[in-house]
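1. have a look at this fold, sequence not included:
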Ligand code: SF4
C-alpha cells in the first residue's frame, strides 16, 4: 500500500537535522512518498520505525517471485477486487502437473514447450511445470526438473524435505516454488526455503489453518509464501479465493495477503471440467493454476481469457502503426485503412481473413482509439490519414490508387480526397461483419473493369 | 474467520419469462457468492436456432445437430433434448443485406415454435434497427400475451417497439454498446414508453473471447455493483449475453485441425465458449445464449457444481 507523505512523516524523528539533504523531515517524507529518495538516506530512523514503515508500505498482497531468467515471474501485488477499479497486475501462471517417473516425461515437456501463439505482438504460452517426485529418487527428480528449466518453464518442486535437500544445491538457482510446508513439516521446509532463498508453498485445510501456519512461518523468517487452501470442490475454491483476497485488501491481513495456488482438477478430471475450473480461477484471484496437462485446444482458450482479463482497463491495447498484409496481397489488392485500437485491428483482420480475399490493411496510430472516437478527437480525419498514407510506403507496393475507409467516417471522404488528390476514396462498410460481402463485390467490380 | 462480507443492500429483480413463467434474477449477492447471500434462481442457458439453414455456421456446430438443421422446428427440438432451457430464434432471413424477407415467414415460424416448445422463446432480429422494429413489432402484436422475449431493442428503434411490447406483455432485451450509463439511459427511455422494469433484460453487448470480452466482463461487474451495492433499481435487472454468435464467428473457434494443427483438436471452439461463458456467469449473466450444445452441457455442469448443496463444508474456507 503506498503511504502518503503525512503518514510517512509520523514515523520520522522530526528533528529536521538535514542530514538526508532535505530541509525538513516533512520535506523528506514528501519526497519519499513521491519515490524521489530512499528511506536509507535518513540515518536517524530507529529500527522499530523502519519496521513499521516497511510494514505499512508493504503491498496488501505480497510480491513473490518464482523462476529466473526467461522463466522469471512475479506473483501477488494485486490491489483491487474488481479489475475496473484499477487493473489486475500479474496474470496467473498456468502450470501442468508432472510426475517424474512418467516414462514419457521428456516428450511431454517438449510438446508443452511448443505450445505457444503470437497475438498483439505478445507471445502466449504456459509458463510453469508442477513437478512431483513420485520416483523417490533425487537423481530422476533432478533430471526432469533440469530439463523443464532448460525449456524455460518456472518450476514447482513437490517432494519430501530429504529429496528437496538433495536436489536444491543444483536447482535453487532456478528459484523453484518448494512444495509444501504443512502442519507436520513446516519447520524443516521453512529452513530449506530460507537456506536456498526459494518461495514456499503453504498448505492448510481452510483459512484458519493457513493463517496459523503463515504466522508461524513468518516468525521463523519465511515470507515468500504461496497459499494452498486445499479446497475440494469448485464452490469451496471460489469461497476461499474471495475470502483470501478480501482479507488481504479490506482487512490488511498480512498472514493471508499472499498469492494463491489452485488445482483445476477440483472440478473433476475431464478436459471440459478443467477448462471451466481454470476459467473461474483466472477471473477470481488465483496466481498459479495447475492443470493436469497442456493440450492446445484447451490451453489456447485459457490463454485468451487470461490475456483479456489482465489487460489494463485504463489503457487500450494498441497495434504498431504500419502496413499489415493479409493473405499474400499483390499490387492489385485492395487497401483498407483503420485505427490502431487492437480490437479494431483484430476484428477487421479476422473478417478479411474470413473472406479469403488478400488485402492490405493500413493501421494508423490513433493512440488506441477506435474509429469513431479517433474521428471525434480529430485524430482520424482527412489530413492526418492522408499524411499517414503517403508516408506509410503503401504506394510502392500497389499499382492502383484506391483506398477503403471505414463506413463510420464517410463524412471525411472529400477532405481525404483533398489530401490524396491522386487517390480514389471508397467508403467501406460500417460494421466489420460486412467486410467479406464488401470484398466479394469489390473484387467482382474490379474483374468487370478489367 | 477471516471472511469479510461485502455490504450489499440491493437485490436484482426477479423476472418471469415465457408462458411457463420461468424465473430469472432475484440475486442479493455477487454471482455464486452463496457464502454471503442468496441466488434463488439458476442462470438460464439458451441455444440458438436459426430461421434459415445456417450456411455460415462452422462445421463443428453443424455436426452437433446433423440433419435437424434443415428445419428450425427439428433444430429447436434437438436443442431442447440437449438441455436448452430457452430457445433463441435468430431471424437471419430478414437481414436487408441478405434475403431481406418480410415479417410473414417469421410470423409463421414463431407461431409454430410457440405451439411446440414450452420454454421461453427469445426472438432475435438482424441488428438492423429499422428492419428489426418492423418485424419484431409485427410479432409483438400478432402474439399478444404469448410472452416473447424480443431483441435487440436499441435506442434507435425503442419508440416503435416498446409501446407494443408493453401493451402485449412481452419482455424486451435492451441492448447498449458496453456502457453503464447508456444502459441506464435506455432503461429509463423504455420506462417512459410504458415498459415496466420487470419486462426488461439488460443486454450489455457481448465481446468475443480475445475480441473485447474484458469490456463486457467489467461493464457487467459494474452493473452488478450498481444494483447490489448502490441499490440502483433501474439497473437491478437480469443480464442476457449473446455469447454463441461472438464465439463462433471468430477464426480461432472455427479453424479445423487439418488446416491449423497448432490450434489443437476441433473441440477448441467449445472450450472457448465454455471459458468465456464461465467468465460471463461470474460477472453476473442470468441468461447465456450459446451456439454449441456441448458448451451448454459444460456450463450446466459448472452451474450445478457451484449450486451444490454442500454449503456447510465451505465454512472452513471463510
Ligand atoms: S535525516 Fe532524517 S531526521 Fe534528519 S531531517 Fe532528514 S528525515 Fe529528518
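-> Done, it's in. The shown structure was predicted, so the numbers you read here are calculated from the model rather than taken from an experiment.
2. give me the neighbour count for the closest residue to residue B:65 other than its chain neighbours.
-> Distances taken as CB to CB, 6 or more residues apart in numbering or on different chains place residue B:78 nearest to residue B:65, at 5.5 Å, with adjacent residues excluded. To be clear about C-beta, it is placed using only N, CA and C from the backbone, and glycine gets the same treatment. Neighbours of residue B:78 under the rule other CB atoms under 10 Å in any protein chain shown: 20.
3. what parts of chain A come near the ligand?
-> With CB under 6 Å from any ligand atom as the criterion, chain A meets the ligand at residues A:12-13, A:15-20, A:22, A:25, A:28, A:42, A:44.
4. try 8 Å this time
-> Within chain A, the residues that sit near the ligand (CB under 8 Å from any ligand atom) are A:12-25, A:27-29, A:41-45.
5. quick one, strands of chain B?
-> Remark: strands assigned in chain B by DSSP state E are B:14-17, B:22-25, B:44-50, B:86-90, B:121-124, B:149-153, B:171-175, B:200-203, B:240-242, B:287-290.
6. please identify the most buried of those.
-> Ranked by mean neighbour count, the strands of chain B are led by strand B:287-290 with a mean of 28 (mean count of other CB atoms under 10 Å in any protein chain shown).
7. distance of residue A:235 from the ligand?
-> The span separating residue A:235 from the ligand equals 51 Å under the rule CB to the nearest ligand atom, to the nearest Å.
8. and that residue, which of the three is it?
-> Following DSSP: H, G, I helix; E, B strand; the rest coil, the label given to residue A:235 is helix.
9. list the contacts for the residue nearest to residue B:65?
-> For residue B:78, the contact set (CB atoms under 8 Å, 6 or more residues apart in numbering or on different chains) comprises B:65, B:68, B:293.
10. next, the contact list for the first one, please.
-> Think residue B:65. B:75, B:78, B:293.
11. same question, the second one
-> Each residue near residue B:68 by CB under 8 Å, 6+ apart is listed here: B:74, B:75, B:77, B:78.
12. please, a ChimeraX command that selects the buried ones among those?
-> Here is the ChimeraX command that selects the buried residues among the contacts of residue B:68 (16 or more other CB atoms under 10 Å in any protein chain shown):
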select /B:75,77,78
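13. show me which of the contacts of residue B:68 is closest to residue A:206.
-> residue B:78 (44.9 Å; CB to CB).
14. would you mind measuring from the closest one to residue B:277?
-> 20 Å (CB to CB, to the nearest Å).
15. got the residues of the stretch 101-250 of chain B near chain A?
-> Residues of the stretch 101-250 of chain B found near chain A (CB under 8 Å from any CB of the partner chain) are B:207, B:209-214, B:217-218, B:221-222, B:225, B:249-250.
16. residue B:233 and residue B:184: what is the separation?
-> If you measure residue B:233 against residue B:184 using CB to CB, the figure is 10 Å.
17. ok, now residue A:300?
-> 36 Å.
18. these two: which has the busier surroundings?
-> Using other CB under 10 Å, the more surrounded residue of residue A:300 and residue B:184 is residue A:300, with 26 against 18.
19. isn't that one up against residue A:117?
-> Yes - using CB atoms under 8 Å, residue A:300 is in contact with residue A:117, at 6.6 Å.
20. give me phi/psi at the closest residue to chain B within the stretch 201-350 of chain A?
-> At 2.8 Å from chain B, residue A:296 is the closest residue in the stretch 201-350 of chain A, using CB to the nearest CB. Backbone torsions for residue A:296, taken as degrees, to the nearest 10, come to phi -50, psi -50.
21. that one - how many residues pack around it?
-> Residue A:296, neighbours per other CB under 10 Å, totals 19.
22. report pLDDT for the nearest residue to it once chain neighbours are set aside.
-> Closest residue in space to residue A:296, ignoring its immediate chain neighbours: residue B:264 at 2.8 Å, by CB to CB, 6+ apart. pLDDT for residue B:264: 95.
23. try residue A:6
-> 87.
24. and the helices in chain B?
-> With DSSP state H as the criterion, chain B has helices at B:59-65, B:72-81, B:103-116, B:129-142, B:158-168, B:180-192, B:213-228, B:243-248, B:251-254, B:268-283, B:293-306.
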